[in-house]
Each structure stands twice: as structure tokens, then as C-alpha cells.
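1. Starting from these lines, generate the structure:
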Amino acid sequence: MAVQSHTTSAPAAEYQPAEISRVYIEGIVAGVIGAMTIAIWFFVLDLYYGRPFYTPNVLGAIFFRSGTAPDLNTLPISFGTVIFYTWVHGLVFCALGGLASKLLSIAERNLNVGFGILLLFVIFEFGFLAAAMVFAEPILHALAWPAVLVGNLLAAASMAAYFWLHHRDLMISP
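-> Predicted coordinates:
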């Protein structure tokens with residue numbers, strides 16, 4: 001009885017440990033870049049309005065304190081809240097950067113997937129903007145949706161620039 005020692009189809013592309021590490025490191029770096037971009041944007045806005053660290057302090061107080069929302073006009077700046085919120089914000093962006101990096105590595109191997117990833121990104125951006133328009137201004141009274149939109153677009157552009165530098169040969173085919 002003969003045993004076939006090779007296959008006629010190409011083997012499935014498997015990740016090598018070095019490629020997995022590259023994907024995760026690339027995602028973390030992109031996430032840090034995006035989080036820093038938004039943090040700097042809102043720090044500049046807070047300085048312009050004469051209230052440094054106001055935005056992360058308010059968001060941290062609303063997201064991490066139980067009970068009702070605090071009075072935003074009299075809320076004192078707590079650097080513990082600012083640091084904790086900034087840390088969580090950075091972790092969320094690192095997770096998003098890791099997801100984006102993983103999707104880009106998939107798109108490099110399958111050109112048809114790239115258009116779907118681009119469409120997913122556009123839907124995510126519009127969904128985030130819609131949520132900001134609905135929730136940010138009426139509930140927080142601290143963040144106007146145009147400021148959130150500009151910050152989000154700046155972060156997306158900075159992360160996209162980083163990914164573009166590392167994936168110059170990436171082609172997208174619908």
C-alpha cells in the first residue's frame with residue numbers, strides 16, 4: 001500500500017513565533033501612539049479652556065466611581081483618577097491596536113480580506129461618532145462631540161500612519 005508523502009495543495013500558512021511577536025508588538029506600539037494622540041489632544045483642549053486634566057478626571061470619575069455622576073463643575077482634579085483613567089485608556093487602545101495589527105497580518109496573506117477590514121474600520125468610526133453625539137454632550141456636559149470626533153480622527157490617522165510605515169506593500173482588492 002502506497003502512502004502519499006506530499007500534498008498537491010499549498011499548506012496553510014502558519015504563524016511562526018517571531019511573526020506572532022511582531023504582530024503583538026506592532027499592535028501595542030500603535031495603540032500607545034493612538035492613546036497618546038488622544039491624551040495630548042484633550043490635554044491641549046483642557047489647557048485652552050484653563051482646566052488641565054479636566055477631561056480624564058471627569059471620564060475617570062464617571063466610569064470608575066459607583067453611584068451617580070458627580071457634579072462636573074465642582075469636581076476637584078484627582079491625579080489618581082487621571083492616572084488610572086489614562087492607564088485604562090491606554091490598555092484599551094493597545095487592545096485595539098493589537099486587533100488592527102492582527103487584521104492587517106491576515107490582509108497581507110489574503111488581499112480580498114483587506115476591503116472588509118477597511119469597511120469594518122469605517123463602520124467602527126461612524127459608530128463611535130454616533131455614540132459620542134448621543135452620550136458625550138448630554139450626559140457628560142464636558143465633551144462636545146466635535147472634540148471627540150477630531151481626537152478620534154487624529155488617533156486613527158496616527159495609528160494608520162504607523163501601520164502604513166510597517167506595511168507599505170499591503171494591497172487591498174475588493
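2. hey, let's count contacts and neighbours off CA atoms from now on
-> Noted.
3. for the protein, what spans make up the helices?
-> Along the chain, the segments classed as helices by DSSP state H run 17-48, 54-64, 79-109, 111-131, 145-166.
4. want to throw those into a markdown table with mean pLDDT and distance to Asp71?
-> A markdown table is the format used below for these (pLDDT from 0 to 100; distance: least, CA to CA, whole Å):
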| stretch | mean pLDDT | distance to Asp71 |
| --- | --- | --- |
| helix 17-48 | 91 | 18 |
| helix 54-64 | 84 | 9 |
| helix 79-109 | 91 | 15 |
| helix 111-131 | 82 | 22 |
| helix 145-166 | 88 | 20 |
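5. could you dump the ones you listed to a markdown table with mean neighbour count?
-> Formatted as a markdown table, the helices of the chain follow (neighbours: other CA atoms under 10 Å):
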| stretch | mean neighbour count |
| --- | --- |
| helix 17-48 | 18 |
| helix 54-64 | 20 |
| helix 79-109 | 18 |
| helix 111-131 | 14 |
| helix 145-166 | 17 |
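6. what separates the spatially closest residue to Ala155 that is not a sequence neighbour from Arg65, distance-wise?
-> The spatially closest residue to Ala155, leaving aside those adjacent along the chain, is Gly34, at 4.4 Å (CA to CA, 6 or more residues apart in numbering). The spacing between Gly34 and Arg65, counted by CA to CA, to the nearest Å, is 25 Å.
7. same thing with Asp46?
-> As defined by CA to CA, Asp46 lies at a distance of 22 Å from Arg65.
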